[in-house]
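1. sequence isn't available, so here's the structure alone:
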């Protein structure tokens, strides 16, 4: 099982298929909204949740282990970005494009959004190096799928590695 933790004991545990859909719909949203350096670093973190590359049942991260920023306004901006990504994904942004219907995605997104909403980034430890650094930010785009890809880690997006 893949686990995404909320830092306060809450977590979202998903099957491999559920995780793939969760990451796919988040990548569609994050690619549309990313503008700031932290946004592109978070996009890179999402690409590292690609089970076709990383392996099945071994992905996930804890909100408390992310580097949300040093200043209160940086942490607030990062949290706001993630909430906007989740809201855009919940609006079914580009969900007609994948070759499958994501039946459980809305429930996963709502659960995760509640975890993010309740999370206080000031409590994060950020020492674990979970969030890719500025030099590892996902700034390249897959022309075929119009989402941010996994460069500099590998030359593909989550849809390319799935064979979509």
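-> Everything's here; your move. These numbers come from a predicted model, not from an experiment.

2. so residue 93 sits against residue 28, correct?
-> Yes. With contacts counted by CB atoms under 8 Å, residue 93 reaches residue 28, the gap being 5.7 Å. From N, CA and C alone the C-beta is placed, and that goes for glycine too.

3. helices and strands of the protein: which one bottoms out on pLDDT?
-> For the chain, counting by mean pLDDT, DSSP states H and E, helix 51-54 ranks last in confidence among helices and strands (a mean of 75).

4. in this structure, which residue is most central in space?
-> residue 46 (3.8 Å; CA atoms, centre = their mean).

5. does residue 160 count as helix, strand or coil?
-> Reduced to three states with DSSP: H, G, I helix; E, B strand; the rest coil, the structure at residue 160 is helix.

6. wait, what's in contact with residue 39?
-> For residue 39, the contact set (CB atoms under 8 Å, 6 or more residues apart in numbering) comprises 30, 33, 81.

7. relative to residue 107, how far out is it?
-> Going from residue 39 to residue 107 by CB to CB, to the nearest Å gives 25 Å.

8. tally of neighbours for residue 99?
-> Residues lying near residue 99 (other CB atoms under 10 Å) number 8.

9. quick one: which helix or strand includes it?
-> In this assignment (DSSP states H and E), residue 99 forms part of neither any helix nor any strand.

10. that older thread, chain center to the stretch of helix or strand the residue nearest to the centre of the chain belongs to: distance?
-> Residue 46 belongs to helix 37-47 when assigned by DSSP H and E. Here helix 37-47 is found 7 Å from its chain centre; the criterion is CA atoms, centre = their mean, to the nearest Å.

11. same thing with stretch 79-99?
-> A distance of 10 Å separates the centroid of the chain from that of stretch 79-99, by CA atoms, centre = their mean.

12. ends of that stretch, what's the gap?
-> Start-to-end span of stretch 79-99 (CA to CA, to the nearest Å) is 30 Å.

13. buried stuff in that stretch?
-> Buried residues in stretch 79-99, counted by 16 or more other CB atoms under 10 Å: 79, 81, 82, 85, 86, 88, 89, 90, 93, 94, 95, 98.

14. then stretch 121-131?
-> Quick answer for stretch 121-131 (16+ other CB under 10 Å): 121, 124, 130, 131.
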